[in-house]
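*Asks:* make a model of this:
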Amino acid sequence: MTFAYIVHLANYSDGVLYLLMILLAIELAVIIDRFWFLRNAMAKGRKILWLVSNRGKLRRPDLEELSAMAKGLPEESLIGVALRHFNLVHHYGSARGEAFANRLDEAIFLTTPSLDKRLWVLDTIVTLAPLLGLFGTILGMFHAFSILAAPGHDATSVTGGVADALIATASGLAIAMIGLISFNAFNNSIDKTIFQLESLKVVLMNRLDGAPVVLEESEASSPNVKSTQVAVNA
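*Replies:* The predicted structure follows:
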């Protein structure tokens, strides 16, 4: 298939094939972007979950290390909530577990919309591409059957024109199939990522909520900390 023939097909569909090419380029850009993001989110998120679950009680250096690892990941907001909770317990001696769970749930709810970012574009292309392809085929049919109006027409020209017109429909269906497979795969990855976030929430609660705070030696000797603890105990 030469470039000249591709231009002929595009012109035969009155430019609809050009629109389908633009849709394909947008679709591939979204697929590459979401694939890279969700792949990193799942792999690195699984690593963070494994690190947290294989530790005992979490201390501030552990949370700060996890926060640096989760930079730019969906888990970043949950680690940030856990770090703020640790500081709250550190200064006031206790914190309600229900409040901690609610803050983690809030972080998950606020993070979830970023996971399916731009997936609506794929959903739209899956529906739009076949319709555009069919529209291009109809326009191509007009050109094909207009040959019959000319005197001394050749029947082979009509059948060849119909074949060229069907290229638009085939292209639209191919673009829709690529988008549909990718859309379903990304939704599956999003479900797994949300499950990882829910698992991380449970693991963090088990290692932080209600556990006594172990201070660093330098912190324990600080007069401000001692006075705070005395005031809380009083």
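
*Asks:* show me the contacts for the most centrally placed residue in the chain.
*Replies:* Residue closest to the average C-alpha location in the chain (Cα atoms, centre = their mean): residue 115, at 3.5 Å. Residue 115 makes contacts with 38, 41, 74, 190, 193, 194, as judged by Cβ atoms under 8 Å, 6 or more residues apart in numbering. To be clear about C-beta, it is placed using only N, CA and C from the backbone, and glycine gets the same treatment.

*Asks:* most neighbours among those, please name it.
*Replies:* In terms of neighbour count, residue 74 stands highest of these at 25 neighbours, by other Cβ atoms under 10 Å.

*Asks:* would you list the phi and psi of that one?
*Replies:* phi -60, psi -30 (degrees, to the nearest 10).

*Asks:* so what's it closest to, chain neighbours aside?
*Replies:* Using Cβ to Cβ, 6 or more residues apart in numbering and skipping the chain neighbours, the partner closest in space to residue 74 is residue 111 (4.8 Å).

*Asks:* didn't that neighbour look like it was pressed against residue 73?
*Replies:* No - counting by Cβ atoms under 8 Å, residue 111 stays clear of residue 73, with 9.4 Å between them.

*Asks:* for the chain, give me the ranges with low pLDDT.
*Replies:* Within the chain, the segments meeting pLDDT under 70 span 1-13, 88-97, 144-161, 209-234.

*Asks:* so residue 111 and residue 73 - more neighbours on which side?
*Replies:* residue 73 (22 against 18).

*Asks:* isn't that one up against residue 47?
*Replies:* No - if you go by Cβ under 8 Å, residue 73 and residue 47 don't touch, sitting 9.9 Å apart.

*Asks:* helices or strands up against the host helix or strand of residue 18?
*Replies:* Following DSSP states H and E, one finds residue 18 within helix 16-53. Judged by 3 or more Cβ pairs under 8 Å, 6 or more residues apart in numbering; DSSP states H and E, helix 16-53 is in contact with helix 3-12, helix 60-69, helix 75-92, helix 119-145, helix 155-208.
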